[in-house]
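Asks: Attaching a predicted model along with its sequence, questions to come.
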Amino acid sequence: MNGQQQQAYDRGTNIFSPDGRLYQVEYAREAVRRGSVSVGIRGDDGVVLAASKRVRSPLLEADGVEKLHKIDTHLGVASAGHVADARQLVDFGRRRAQTDRLRYDQPMAVEPFTKAVTDHVQEYTQQGGARPFGAALLVGGVDTNSEGEVHPRLFETDPSGTPYEWQATAIGADDDAVREYLEANYGPDVSVDSGIELALSALADARGEPFSPEEVDVVIIDPTYRELDIDARREALESLDLLADRAS
Amino acid sequence: MNGQQQQAYDRGTNIFSPDGRLYQVEYAREAVRRGSVSVGIRGDDGVVLAASKRVRSPLLEADGVEKLHKIDTHLGVASAGHVADARQLVDFGRRRAQTDRLRYDQPMAVEPFTKAVTDHVQEYTQQGGARPFGAALLVGGVDTNSEGEVHPRLFETDPSGTPYEWQATAIGADDDAVREYLEANYGPDVSVDSGIELALSALADARGEPFSPEEVDVVIIDPTYRELDIDARREALESLDLLADRAS
Amino acid sequence: MNGQQQQAYDRGTNIFSPDGRLYQVEYAREAVRRGSVSVGIRGDDGVVLAASKRVRSPLLEADGVEKLHKIDTHLGVASAGHVADARQLVDFGRRRAQTDRLRYDQPMAVEPFTKAVTDHVQEYTQQGGARPFGAALLVGGVDTNSEGEVHPRLFETDPSGTPYEWQATAIGADDDAVREYLEANYGPDVSVDSGIELALSALADARGEPFSPEEVDVVIIDPTYRELDIDARREALESLDLLADRAS
Amino acid sequence: MNGQQQQAYDRGTNIFSPDGRLYQVEYAREAVRRGSVSVGIRGDDGVVLAASKRVRSPLLEADGVEKLHKIDTHLGVASAGHVADARQLVDFGRRRAQTDRLRYDQPMAVEPFTKAVTDHVQEYTQQGGARPFGAALLVGGVDTNSEGEVHPRLFETDPSGTPYEWQATAIGADDDAVREYLEANYGPDVSVDSGIELALSALADARGEPFSPEEVDVVIIDPTYRELDIDARREALESLDLLADRAS
Amino acid sequence: MNGQQQQAYDRGTNIFSPDGRLYQVEYAREAVRRGSVSVGIRGDDGVVLAASKRVRSPLLEADGVEKLHKIDTHLGVASAGHVADARQLVDFGRRRAQTDRLRYDQPMAVEPFTKAVTDHVQEYTQQGGARPFGAALLVGGVDTNSEGEVHPRLFETDPSGTPYEWQATAIGADDDAVREYLEANYGPDVSVDSGIELALSALADARGEPFSPEEVDVVIIDPTYRELDIDARREALESLDLLADRAS
Amino acid sequence: MNGQQQQAYDRGTNIFSPDGRLYQVEYAREAVRRGSVSVGIRGDDGVVLAASKRVRSPLLEADGVEKLHKIDTHLGVASAGHVADARQLVDFGRRRAQTDRLRYDQPMAVEPFTKAVTDHVQEYTQQGGARPFGAALLVGGVDTNSEGEVHPRLFETDPSGTPYEWQATAIGADDDAVREYLEANYGPDVSVDSGIELALSALADARGEPFSPEEVDVVIIDPTYRELDIDARREALESLDLLADRAS
Amino acid sequence: MNGQQQQAYDRGTNIFSPDGRLYQVEYAREAVRRGSVSVGIRGDDGVVLAASKRVRSPLLEADGVEKLHKIDTHLGVASAGHVADARQLVDFGRRRAQTDRLRYDQPMAVEPFTKAVTDHVQEYTQQGGARPFGAALLVGGVDTNSEGEVHPRLFETDPSGTPYEWQATAIGADDDAVREYLEANYGPDVSVDSGIELALSALADARGEPFSPEEVDVVIIDPTYRELDIDARREALESLDLLADRAS
């Protein structure tokens, strides 16, 4: 299908092309690739989420560009793509998780949470009057059963509203390159600690150069959500020999 | 009707072409064919549903790409096409079956369940403001009468909202090739056990090569819904000499 | 009016062409002609409805392709055209007939039933936001008055929402050819029994060859709705020397 | 204004052309002219409504193609144009007349009835989202005052929603020719009886040949609505030497 | 702005052209000019409204083509343009005047009545989904204060929703010519009686020939609304030497 | 941006052009300039509003073309542009001021009143389904504090919904020329009396010739809204040597 | 993507271009750049907001062109772009902050306030039927914790609905040049007093010449919102040798 033929079908959010594609959804995937990359890694004892950040100006507060979002004590999200769209999904997710917890008096499991988000995303691809979400999420969380066993889970939600479960993956710019690195280096029996190293190495590999702790955010859920502070990020980069020279 | 003439009618979900066709529904059928194939086989004692899966990355959890969905203890669904659309239909179906069970205090029979889904699908082809569903379902289930006799049923729902009843069929990529194999090999007095073999053989035949147990999901309803675990799938492939060499 | 001029008016469901035509309604009539043919015959003692069926695959359950639908004990419908659209009309009709029976505690007469359906169909040709129904119905039923006299009635509903009353007629593919046969062979004092023969002969004449009992469904309302089972259909075809050779 | 200029304004139901015309309303008038002709004649003692009918097939029940509709005991309507649209107007009118009778406990007078219908018709020419009605009505009725004096009235409603009062007129195909005949032959002191003769003569004149009693329906309101049965129609045609040879 | 440029802005009811014009409103003014002319004259003791009528057929009841409408005992309206649109405005006005009278227990003054109508008209020029009204009104009425002094008022409402107060004016076909005649002949101290003469003379002047009493309707409000019957109209025409020869 | 490029963005009320402009709002400003000019002058002791009027016909009541509107005893408005649109804004403002007074039992201050109007105007520039208002207002009023000190305020509201506060300004045709005159002649310590002279001089200057008292309306709010009657206007024009020769 | 290709995607507020961009949002950013520049600077002890103003006419009240808005005692906003749009956001923000304060009985923290605004802004970029806001805001405020420690925060909201946190930044015309100046001159340990100087210097640098106190507004929040009066602004400009010669 050439460009002109494509244009006949790519402006309506709720029409199929003759070969059964939804172009607006595919364009929304391009919006995701315009955002900086985020990585997720599932370990035996928890999940690691890491987000690369572009700092446009030294006056911009790096912490102000949120790519990692706490949903609940056991559940977090890394986003890529249109920032404002991602925020809407995060808000939706927080309300959903909170409602579920109030209703059943226990944390919402990671898979149903993910599917609640993707069902919401799908509706924007089928109903008229709105565009799809130009954002993807990595959903990381830890389910704990009644015996206290932890089950870390990692999901991706894409602009079509499809949920995928991963051992490790990336969304955003250069997601293919990062995922390739992960495929080559992810192995069995990953721990959260080695997951942090793998995430930072993957981001550095895609970037092609070391970076500063301001340029990356890291969160671990093992099984409780917590952010790595700037010292911990600097230390981790240093120990991997990935710390950029310039002082932060 | 040539391409340009066709374009005059194929972008509105709620208009007919001069020869009485609904192009958006036909394009949605193409979306179904873009999805990997699913097979359904009705035996005397139950129904077999099997779904082929494309594993894009070794890090992707194969179980995370759901093509087979439990609706109720006696009722399951295999989907093909746009994954997020199929999930919406599955959610619709689950709510519908649950409501029916609560109201009448007995499981919903397979045929009325199927028609509730197709009526829902049809509305998206006639009302403006939304596009058709880009997904088809195979609905398999077992009705049990008051004497305890089981009546396995197998239906297909397509994007136009038409229900078809089958002895055995396929939806998705290469559905024609798979159905041809089934027509040649399906006979009277099929059991669930021989149905599993037939389903796997048909998928392998269309694929042209053996495959691994991770690349297929199988569910039987006889009369209770249960999934075949990976060992059972490997054993079944092995016994049919369809197991790919590479270790899983 | 040439093709290009026609295109100026044929895509909006709610606009007239300069010569006062509603093209979308006419295209919906084409959708009816794309469906296999159905026949209706009014006898003195009841109504016969028969529907030809195309069996695409030996694995397809012929009974699963419904063209004949019971509305109430005294009332049935044969459809042609877009199957999913016809199902919506049938559902509408069933609810309407049931409501009427509950309200007045007697069966709904055939004519008001038909007009309730056509009024519903008309609205889809005038209001914006939806397309016309791509289906026609033959409504057959028997009114019984307080003295117990039966009055068989046969109506057609078309996509414009117009009701027609017939002695005998056909809808769907080759409806003109079948109706021509009926005009030549329908006479006064038709009974339901001779009506069955006339219906099958008309279908065979249009088809140009004998056929199997799986390829036709027959229903009689005299005054109670009942389907002819496959043996009765085979027997009828045999006695008319219309039975195809191949075993069913 | 040439054809192409006209096309710039004739597809929206709610826009004016530069010369202040509403093309969709004018096209709806063409739809009226596509229907067979109906005649109305006001006599001193009542109103006559007659409708010509095209019988497409000998199997079609002529009575099933309704062009004359009883609204109330003192009020009837003859329609021309899109049959399904006319039915909607008739239904609207019946509900309106019934509501009025219930509220005021007396029959609705002919003029307010007509204006209720035309107001309803007008709204479909101004509001977006729907098309105009492609049907015109002749409203005939008899008002009776408290002294028992009868006042026959005859109105026309057209697709713009304008009411006209007539002594005698026609709507539908060849309405101009029929009206010309009426202008030449309608005189003072017409009775219902001579009105029937005038109506039949006018129809035959426009048709250019005699016709059968199945091809025309006649209703008189003097002051009570009643249909002429087929024998009365045959007799009337015979006495006017307008009866076609072929047996009915 | 040439024709093609104009077409870029003249089909949407709710858009401005680059030079700040609302074309649909201007086209609606053309619709007013397509209607036959109506005249209004304010005298010291009351208001005269007169409407010219085109009688298309001798069978058409001239009284049936209403151009003059009583709103309340002290308030009347003459219309020009699209008849069905004018009827809607008249209905709106009657309901409004009635509501006002019920609420305040006194007749609605002429100016607030006019402004209620024009506010209603304006909304159809700004909100989407409907077209402007293709009708103008002359609102004539007499306000009576608590001392019993009468204040005749005459207003025009146009399709933009602007109210204008006049001593005398015309709307509809040839409104400019008629207004020119009024400007030349209207003077101070006009009485209702001389106003009738002035109105008839103005209409005859624009027409260029005498006319019959059937071709004009006249209403006076002084301060009570009443119609001039056909004899009074004939007499008035005769006394002005404006009576057409042909017998009425 | 050339004309054709501009047309790509100027017909939708709710879209931006590539250079960030809202063309429909700019066209609405043109509609304001099509209206005759209004002037507002803030003095130390009150506000003067004056409106120029075009009298199309000697029969048109000049008072009937309202450009100056009383909102409350301390608050008035002069309008320019589309008269019917301005009336809607005036109605909105009156209701708003009345509601505010009822709620807080004191007159609404001039600035919040103005902003209530501009917020209303803005909504018509952002929401779909309606066009912007083609009218601007000068809002003049006097706030009185608890010590009885008066604070005259003068605001402009434009079609974008922006409020501006002025010492003196003009809206409508030739607003630039009039404002230039005001800039040259407005000084500190203006009283309402000198403001009247300044307003009339500015209007005469832009007009290039003297005028009659019928061609201008003047209102002062000091701190109570009152209109200058025709004698006061004539006297003022005379004393300024601006009175046209022709008798009024 | 060339101009013509861009036009295919840039008029719908709710569609993506093939490369994943939202053109209407980008055009809204251009609308922001059309507005005069505003600056925000975060000091250790508070926040400074300054807005440059273009004074079109000496008669225009400079205070009447609001660019700085008080939201609450601890919270203010500087706007750039479409003034009427900014006012809507300010109104939204005030209502939101007030509701929050009423509900929790404490001032709303700066970050949640900002995100409430950006979520509102985002909805206008995804839902159909409205355009994005053509305005950006700088949100400055001071959070005070239970120990009485103050935490000044400075955020930017852009037309996409993305929140950014800054140490110092600018929005509106020449925002890049002003931000460049800030990057070169902003250092650690900025106080509100030095922040005022930095803001004025940055504006003067971008302007390339001194300016008068009427051409700038300044607000500080430390931790209470208050405006610098004209004397304070003149004094500050004078001490920086940035005061224009012309008397104000």
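Replies: Arrived safely, thanks for sending. Numbering: from 1, shown residues only, chains lettered A, B, ... in the order given.
Asks: helices or strands up against the lengthiest helix in chain A?
Replies: What stands out as the longest helix in chain A, according to DSSP state H, is helix A:83-104. Judged by 3 or more Cβ pairs under 8 Å, 6 or more residues apart in numbering or on different chains; DSSP states H and E, helix A:83-104 is in contact with strand A:68-72, strand A:75-81, helix A:110-126, strand A:135-144, helix G:110-126. Where you see a C-beta, it was placed from the backbone N, CA and C, and this is true even at glycine.
Asks: Pull out the buried residues from it.
Replies: A:83-90, A:93-94, A:96-97, A:100 (16 or more other Cβ atoms under 10 Å in any protein chain shown).
Asks: wait, which of the helices and strands packed on helix A:83-104 is closest to chain F?
Replies: Set against chain F and scored by Cβ to the nearest Cβ, the helices and strands packed on helix A:83-104 come closest in helix G:110-126, at 7.6 Å.
Asks: Look at A:Y27 and tell me its secondary structure.
Replies: Following DSSP: H, G, I helix; E, B strand; the rest coil, we place A:Y27 in the helix state.
Asks: okay, now the residue nearest to it when sequence neighbours are not counted: neighbour count?
Replies: Leaving out its chain neighbours, the residue that sits closest to A:Y27 by Cβ to Cβ, 6 or more residues apart in numbering or on different chains is G:F16, at 3.7 Å. If you count neighbours by other Cβ atoms under 10 Å in any protein chain shown, G:F16 ends up with 28.
Asks: What parts of chain A come near chain G?
Replies: For chain A, the residues in contact with chain G (Cβ under 8 Å from any Cβ of the partner chain) are A:6-7, A:10-13, A:23-24, A:27-34, A:57-61, A:63-65, A:81-85, A:87-88, A:91, A:124, A:128-134.
Asks: How about the contacts made by A:V218?
Replies: Shown in contact with A:V218 (Cβ atoms under 8 Å, 6 or more residues apart in numbering or on different chains): A:48-51, A:68, A:196, A:199-200, A:227-228, A:232-233, A:236.
Asks: Name the member of the residues you listed with the most neighbours.
Replies: A:V48 (32 neighbours).
Asks: picking up where we left off before, out of the helices and strands packed on helix A:83-104, which gets nearest to chain C?
Replies: Chain C lies closest, by Cβ to the nearest Cβ, to one member of the helices and strands packed on helix A:83-104: helix A:110-126, at 16.3 Å.
Asks: Please point out which parts of that closest one sit buried.
Replies: A:110-111, A:113-122, A:124-126.
Asks: Nearest to chain B among these?
Replies: Nearest to chain B among these: A:Q122, at 4.0 Å, using Cβ to the nearest Cβ.
Asks: picking up where we left off before, would you reformat the helices and strands packed on helix A:83-104 as a markdown table and include mean pLDDT and distance to chain C?
Replies: Conversion of the helices and strands packed on helix A:83-104 to a markdown table gives the following (pLDDT from 0 to 100; distance: least, Cβ to the nearest Cβ, whole Å):
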| stretch | mean pLDDT | distance to chain C |
| --- | --- | --- |
| strand A:68-72 | 97 | 38 |
| strand A:75-81 | 97 | 33 |
| helix A:110-126 | 95 | 16 |
| strand A:135-144 | 98 | 31 |
| helix G:110-126 | 95 | 22 |
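Asks: Ok, which of the ones you listed comes nearest chain E?
Replies: Nearest to chain E, of those and by Cβ to the nearest Cβ, is helix G:110-126 at 18.4 Å.
Asks: That closest one vs strand G:68-72, what angle?
Replies: Computed by axes from the mean of the first three to the mean of the last three Cα atoms, to 10 degrees, the angle separating helix G:110-126 from strand G:68-72 equals 120 degrees.
Asks: distance between helix G:110-126 and the chain's centre?
Replies: 15 Å (Cα atoms, centre = their mean, to the nearest Å).
Asks: is any part of that helix close to chain A?
Replies: Yes: applying Cβ under 8 Å from any Cβ, one finds helix G:110-126 in contact with chain A at G:K115, G:T118, G:D119, G:V121, G:Q122, G:E123, G:T125, G:Q126.
Asks: Spit out the contact partners of the third one.
Replies: It stands for G:D119. Residues near G:D119 by Cβ under 8 Å, 6+ apart: A:A84, A:R87, A:Q88, A:D91, G:G161.
Asks: Which one of the residues you listed is nearest to chain C?
Replies: A:Q88 (27.8 Å).
Asks: quick one, phi/psi of A:E180?
Replies: phi -60, psi -40 (degrees, to the nearest 10).
Asks: and the gap between it and chain F?
Replies: 38 Å (Cβ to the nearest Cβ, to the nearest Å).
Asks: Tell me how many other residues surround that residue.
Replies: Neighbours around A:E180, by other Cβ under 10 Å: 16.
Asks: Equivalent analysis for the one 5 residues further on, please.
Replies: Using other Cβ under 10 Å, A:N185 is surrounded by 15 other residues.
Asks: thought it was touching A:A199?
Replies: No: checked against Cβ atoms under 8 Å, the pair A:N185 and A:A199 is beyond contact range at 10.5 Å.
Asks: Now do the closest residue to A:A51 other than its chain neighbours against C:D217, distance only.
Replies: Nearest residue to A:A51 in three dimensions, chain neighbours excluded: A:K67, at 3.5 Å (Cβ to Cβ, 6+ apart). Look at A:K67 and C:D217: by Cβ to Cβ, to the nearest Å, they are 61 Å apart.
Asks: again, but for A:N185
Replies: 63 Å.
Asks: hmm, stretch A:123-137 touching chain D?
Replies: No: shown here: stretch A:123-137 not in contact with chain D (Cβ under 8 Å from any Cβ), separated by at least 15.1 Å.
Asks: what about that stretch and chain B, touching?
Replies: Yes: for stretch A:123-137, a contact with chain B is found by Cβ under 8 Å from any Cβ, at A:E123, A:T125, A:Q126, A:Q127, A:G128, A:G129.
Asks: If we go by neighbour counts, what in that stretch is buried?
Replies: In stretch A:123-137, the ones that count as buried by 16+ other Cβ under 10 Å are A:Y124, A:T125, A:Q126, A:A130, A:R131, A:P132, A:F133, A:G134, A:A135, A:A136, A:L137.
Asks: so who does the last one touch?
Replies: Put plainly, it is A:L137. Per Cβ under 8 Å, 6+ apart, neighbours of A:L137: A:V77, A:A78, A:S79, A:A80, A:A86, A:L89, A:V90, A:G93, A:V117, A:E156, A:T157, A:I171.
Asks: Turn these into a markdown table, including distance to F:D241.
Replies: Output for the contacts of A:L137, formatted as a markdown table (distance: Cβ to Cβ, whole Å):
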| residue | distance to F:D241 |
| --- | --- |
| A:V77 | 78 |
| A:A78 | 79 |
| A:S79 | 74 |
| A:A80 | 75 |
| A:A86 | 71 |
| A:L89 | 72 |
| A:V90 | 72 |
| A:G93 | 76 |
| A:V117 | 78 |
| A:E156 | 83 |
| A:T157 | 79 |
| A:I171 | 79 |
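Asks: Quick check: of these, which lies closest to B:A204?
Replies: B:A204 lies nearest to A:E156 out of these, by Cβ to Cβ, at 29.7 Å.
Asks: burial of the closest one, as a residue count?
Replies: Neighbourhood size, A:E156 [other Cβ under 10 Å]: 24.
Asks: surely A:A202 meets A:Y181?
Replies: Yes: at 4.5 Å, A:A202 and A:Y181 qualify as touching, with contact defined as Cβ under 8 Å.
Asks: Thank you kindly, that will do.
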